[in-house]
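Visitor: got a predicted structure here, sequence first:
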Amino acid sequence: MHVRATVTTLAAAAALLTSAATATAATEPLSEPCIAAHFSLAASQQPENITVDRTGSAYLTYSFARQIVRITPSGHTQVLATLPAPAKASTPNLGRAFVGGIARADDGTLYVTYATGTADLTGVWAVRPGGRPHRIAALPADGLPNGLALDERTQNLYVTDSVHGVIYRLPAQGGEATVWARGEELEPSTFAGANGLKLHNGAVWATNLDKGTVLRIPVTARGTAATIQVRATGMPSIDDFAFTGRGDTLLAARDDNQVDLVRPDGTHTAVLTAADGLRTPTSVAVHNHTVYVPSAAYLTNEDPNLLVAHLDR
């Protein structure tokens, strides 16, 4: 696969950021953003979602290439899996087969969402280390499974459906998916509703792309969904996000070439923009003091990439 890196390795980029951040860290939550890798738009290498392991290796989904890839700290890129193509894709809103969210278990198993508009392929897929991708749960073919999060304690997976505007839950070992949460706050208004998804401090957090909101849904003692809380508003085209490690503060990617720092009181400030290299950013990951932001170039049609920046905690 063709990946052109402007920084020799992710490890070198992280070291550069750590050393360069001292002067600005006191006033800015992020400093020294740089593009760690450029991807090939011609090969549909458009990164939709990301997770990072303890070593700093980044795992990405290439949405329209139907691929899962790993980029190691040394800069080596490996295609771990390519999901099977449908005979004829009819994915709602997109038309093309779409690999969305990604989550990684402690044992190295990777989980992704896959939408094709066909009943035989749409759902949640798993790839165990050294294994082949296989579907562990079917989801409605007329929906758009998107964000994904794994609860290691309960061994449950949570999935947003951007078309149906619901959150599903299913066992990580595979089985039937059921609607865990529904409500107007999750529903789309024009194009896509529930989108990004994370588990944090006893709650499921999600975004609504159309409504520009961040939502928190507490998990009750019985494991059911409590009342949906709107925690932040006014962020058009909000996609996926990650918590910074300081309480409920998070970083949210927006398709309008912006990453916002969202504070616990709901206020938010742009901390990265197109001037930093964002090209339709889709998600965020945080590992130690490094922030990773993939850009899929869905709207810019140029330069899909992976940006890294230093996070001051």
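Guide: Thanks, I have the structure now. Residues are numbered from 1 along each chain as shown.
Visitor: the lengthiest strand in the chain - what's its average pLDDT?
Guide: The residue-count maximum for a strand in the chain (DSSP state E) belongs to strand 30-39. Averaging pLDDT along strand 30-39 yields 94.
Visitor: run the chain-centre distance for that strand.
Guide: 17 Å (CA atoms, centre = their mean, to the nearest Å).
Visitor: buried residues in stretch 69-82?
Guide: The neighbour-count check on stretch 69-82 (16 or more other CB atoms under 10 Å) flags V69, I71, T72, G75, T77, L80, A81 as buried. From N, CA and C alone the C-beta is placed, and that goes for glycine too.
Visitor: so where do the helices sit in the stretch 1-150 of the chain?
Guide: 10-20 (DSSP state H, counting those that start in this stretch).
Visitor: point out where it drops to low pLDDT.
Guide: Along the stretch 1-150 of the chain, the model assigns pLDDT under 70 to residues 1-28.
Visitor: need phi/psi at the closest residue to V284 other than its chain neighbours.
Guide: Closest residue to V284 apart from its sequence neighbours, by CB to CB, 6 or more residues apart in numbering: A242 at 4.1 Å. Backbone geometry at A242, expressed as degrees, to the nearest 10, gives phi -150, psi 150.
Visitor: so for A242, what's the pLDDT?
Guide: 98.
Visitor: so who does it touch?
Guide: K198, L250, L251, S283, V284, A285, V286, V291 (CB atoms under 8 Å, 6 or more residues apart in numbering).
Visitor: if we go to 10 Å?
Guide: 50-52, 196, 198, 200, 250-253, 283-287, 291-293, 311 (CB atoms under 10 Å, 6 or more residues apart in numbering).
Visitor: narrow the residues you listed to just the buried residues.
Guide: 50-52, 196, 198, 250-253, 283-287, 291-293, 311.
Visitor: out of the residues you listed, name the ones that lie in strands.
Guide: 50-52, 196, 198, 250-253, 285-287, 291-293, 311.
Visitor: tell me how far A138 lies from A119.
Guide: Distance of A138 to A119, computed by CB to CB, to the nearest Å: 7 Å.
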